[in-house]
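[1] mind looking at a prediction? Sequence and model below.
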2 protein chains.
Amino acid sequence: MSVFKGSNIYSVDSKGRINIPSRMRKSISPEANETFTITRGFEKCLFVYPQDEWVKIENKIRALSQTNPQHRFFMRMLLQQATESQLDAQARITIPKELLEFAAIDSEVFILGLLDHIELWNPQEYKAYLAAQQKSYAEVAEMVLWNNDG
Amino acid sequence: MSVFKGSNIYSVDSKGRINIPSRMRKSISPEANETFTITRGFEKCLFVYPQDEWVKIENKIRALSQTNPQHRFFMRMLLQQATESQLDAQARITIPKELLEFAAIDSEVFILGLLDHIELWNPQEYKAYLAAQQKSYAEVAEMVLWNNDG
DNA sequence: ACACTGGTGGGTAAGTGTGGGTAGAAGAGG
DNA sequence: CCTCTTCTACCCACACTTACCCACCAGTGT
């Protein structure tokens, strides 16, 4: 079970390679075989799943009803741009251009560990995302941790 | 179960290392493996959780719905700056620059034991926090201990 | 007075992030 | 069908940061 956490701002080189921070690298289970699946996130960002975690998602999707239009749409969105990528000798993964373009990532990337997966953001987009939040961290924390929806 | 209490003012060296007061060190359960997770607090301070206590928080987060935008925001805020750190041979932990900057901690730190976790403050910020409280200790105590929201 | 505990400071080697070069594979065009 | 071009994957090299190690000082209790 992976436990990615922390964040870094790293550079994306001219070949579209992104380094996985060593701290996160150490959280990858050996079952992942140094393989990741990259797909588009719910916001304007990318999700990077180690293989062992991705398999769990695949299984969930398999269980969905093929006849439900909403389910089909969800599957298409999730899988449309899903790409596998392996770590190179320097522990980097190569991200396809289309995905980088989707998340508007160019020379710099904000890398965020979220337990079972890693998120990739354009640093500016992430800032904008934070700024767009209506409630403060403390307010949301109270709601979430104590199930107080007030 | 940890029971941190008391407070100290210690120095932060040029490498961002902070000593854990020996009194608190003795409160750390062996299950923590001399490992801590540091993250940002709700106020302008840092939370330091021994590993065994942090795992409890992680499990709460894992149970959250990934599809709820508020939950995602909370996870990002909590995990964004979360860093693991191990005690060195001198019983110190290293705090990353970004976290020290967030809490405005430079050469000195106010260390506060709060049962399950330790808080790190800039001594001046802590003073300001105390000064900003509208109600007296006694008034708040009455509200908290007797659920009197008066 | 000495030993021991607790807090502080700094040097060095290994690890980590970044950039570029080259060869092989895949695709387009003659 | 062969050739040229483009893209990808693997390799190597360098600069910087981190973590580990050792040393010192002050206070306390024996």
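    It's in.

[2] any idea what the spatially most central residue of chain A is bridged to?
    Nearest residue to the geometric centre of chain A (Cα atoms, centre = their mean): A:F47, 1.9 Å. For A:F47, the beta-bridge partners are A:T39, A:E119 (DSSP bridges).

[3] which residue ranges form the helices in chain A?
    Assigned by DSSP state H, the helices in chain A fall at A:22-25, A:51-62, A:69-80, A:97-102, A:123-131, A:137-146.

[4] could you give the angle of the third one to helix A:51-62?
    Counting by axes from the mean of the first three to the mean of the last three Cα atoms, to 10 degrees, helix A:69-80 lies at 150 degrees to helix A:51-62.

[5] is helix A:69-80 anywhere near chain B?
    No: judged by Cβ under 8 Å from any Cβ of the partner chain, helix A:69-80 stays clear of chain B, getting no closer than 10.3 Å. In short, each C-beta sits where N, CA and C put it, glycine included.

[6] please name every helix or strand in contact with that helix.
    In terms of contact count using 3 or more Cβ pairs under 8 Å, 6 or more residues apart in numbering or on different chains; DSSP states H and E, helix A:69-80 is assigned the packing partners strand A:35-40, helix A:51-62.

[7] how about 7 Å then?
    Judged by 3 or more Cβ pairs under 7 Å, 6 or more residues apart in numbering or on different chains; DSSP states H and E, helix A:69-80 is in contact with no other helix or strand.

[8] spell out which parts of chain A neighbour DNA strand D.
    Proximity of chain A to DNA strand D (Cβ under 7 Å from any atom of the strand) is limited to residues A:15-16, A:86, A:88-90, A:94, A:96-97.

[9] circling back to that earlier point, redo the helices of chain A as JSON lines? Include distance to A:G41.
    JSON lines is the format used below for the helices of chain A (distance: least, Cβ to Cβ, whole Å):
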{"stretch": "helix A:22-25", "distance to A:G41": "17"}
{"stretch": "helix A:51-62", "distance to A:G41": "13"}
{"stretch": "helix A:69-80", "distance to A:G41": "10"}
{"stretch": "helix A:97-102", "distance to A:G41": "9"}
{"stretch": "helix A:123-131", "distance to A:G41": "11"}
{"stretch": "helix A:137-146", "distance to A:G41": "19"}
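
[10] reformat those as TSV; add distance to B:M75, mean neighbour count and mean pLDDT.
    As requested, those are arranged in TSV below (distance: least, Cβ to Cβ, whole Å; neighbours: other Cβ atoms under 10 Å in any protein chain shown; pLDDT from 0 to 100):
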stretch	distance to B:M75	mean neighbour count	mean pLDDT
helix A:22-25	15	15	94
helix A:51-62	15	14	91
helix A:69-80	19	12	87
helix A:97-102	22	14	88
helix A:123-131	13	14	95
helix A:137-146	9	16	86
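
[11] of all these, which one is nearest DNA strand C?
    Closest to DNA strand C of the helices of chain A is helix A:22-25 (Cβ to the nearest atom of the strand; 3.7 Å).

[12] only alpha carbons, please: show that closest one as PDB.
    Coordinates of each C-alpha in helix A:22-25 appear next as PDB, following Å, rounded to 0.1, in the frame of the first residue of the first chain:
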ATOM      1  CA  SER A  22      13.000  10.300  -4.100                       C
ATOM      2  CA  ARG A  23      10.800  10.600  -1.000                       C
ATOM      3  CA  MET A  24       7.900   9.400  -3.000                       C
ATOM      4  CA  ARG A  25       9.900   6.800  -4.800                       C
END
